[in-house]
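**Student:** sequence and predicted structure are below.
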Amino acid sequence: MGDTKKPKKQYARPRKPWDRNRLESETKLKENFGLKNKREIRSAEAIVRKKRQNARMLLALTMEKREKQQKELLQSLEKIGLLRNSAGVDDVLSLSVTEMMERRLQTQVVRKGLANTMKQARQFITHGHIAINGRKVSSPGYIVRKNEEDHIGFYGKPITNANPETKAETKKKFEEALPKGEEAPANPEAEQAPIEAEGAQ
């Protein structure tokens, strides 16, 4: 038995770490899905690889032995929305890492329109603003089940100001707040800097 304080890795390192094609595809995935590092890609690859291995093992069995195990495999993938009800073992072998990435909570938050970008969705989740069925989930890599898709929302008070203001809108509000006849400084932050410095002393 291993040490409980040191859990086993959920992914495996590639055999050729400096393969150009693989590095380019991983970089593209990392940018498109707003991942923190490539370990998140490794975890998704491990899940897909495990499902493919199970599917290949089923193909080597007889129909009598394969029926029950095949049903369990397909149902597990249907629950997380990777396969449809009419899918078969061949569909399991064609699964891709991109399809698994689409099932991550971070991606689903963007698809639901709760965040504008992947980076913003990750911030909402890690800061505890996203919940599923009223239960706060703070892991961006949480795999969303199919029956949970319609229950993703904000935890507690909804964040209504999800769209960031442009510089023009911010400047307009600042000018409206000034007394009449007084002009706004060219750089409001520069004018406030000495005041903040005096307060710090």
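**Tutor:** That came in fine, so what should we check first? Numbers count the residues shown, from 1 in each chain.
**Student:** which stretches of this structure form strands?
**Tutor:** Here the chain has its strands, by DSSP state E, at 130-132, 135-136, 152-154.
**Student:** nearest to Asn37, out of these?
**Tutor:** strand 130-132 (20.7 Å; CB to CB). C-beta coordinates here come from the backbone N, C-alpha and C atoms, glycine included.
**Student:** what is the mean pLDDT for the closest one?
**Tutor:** For strand 130-132, mean pLDDT rounds to 95.
**Student:** that one - contacts with which helices or strands?
**Tutor:** Secondary-structure packing of strand 130-132 (3 or more CB pairs under 8 Å, 6 or more residues apart in numbering; DSSP states H and E): helix 105-111, strand 152-154.
**Student:** export the ones you listed to TSV and tack on mean pLDDT and distance to Pro17?
**Tutor:** Formatted as TSV, the helices and strands packed on strand 130-132 follow (pLDDT from 0 to 100; distance: least, CB to CB, whole Å):
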stretch	mean pLDDT	distance to Pro17
helix 105-111	95	25
strand 152-154	94	36
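**Student:** let me know which of these is tucked in deepest.
**Tutor:** Counting by mean count of other CB atoms under 10 Å, helix 105-111 has the highest mean neighbour count of the helices and strands packed on strand 130-132, with a mean of 21.
**Student:** circling back to that earlier point, save the strands of the chain as JSON lines, and put in distance to Lys51 too.
**Tutor:** JSON lines is the format used below for the strands of the chain (distance: least, CB to CB, whole Å):
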{"stretch": "strand 130-132", "distance to Lys51": "23"}
{"stretch": "strand 135-136", "distance to Lys51": "26"}
{"stretch": "strand 152-154", "distance to Lys51": "24"}
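**Student:** hang on, the earlier thing: Asn54: which of the helices and strands packed on strand 130-132 is closest?
**Tutor:** Using CB to CB, the helices and strands packed on strand 130-132 put helix 105-111 closest to Asn54, at 24.3 Å.
**Student:** keeping just the C-alphas, turn that closest one into PDB.
**Tutor:** C-alpha atoms of helix 105-111 as PDB (Å, rounded to 0.1, in the frame of the first residue of the first chain):
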ATOM      1  CA  LEU A 105     -16.700  22.500 -15.900                       C
ATOM      2  CA  GLN A 106     -14.600  25.400 -17.100                       C
ATOM      3  CA  THR A 107     -15.700  24.800 -20.600                       C
ATOM      4  CA  GLN A 108     -19.300  24.300 -19.700                       C
ATOM      5  CA  VAL A 109     -19.400  27.600 -17.800                       C
ATOM      6  CA  VAL A 110     -18.400  29.400 -21.000                       C
ATOM      7  CA  ARG A 111     -20.800  27.400 -23.200                       C
END
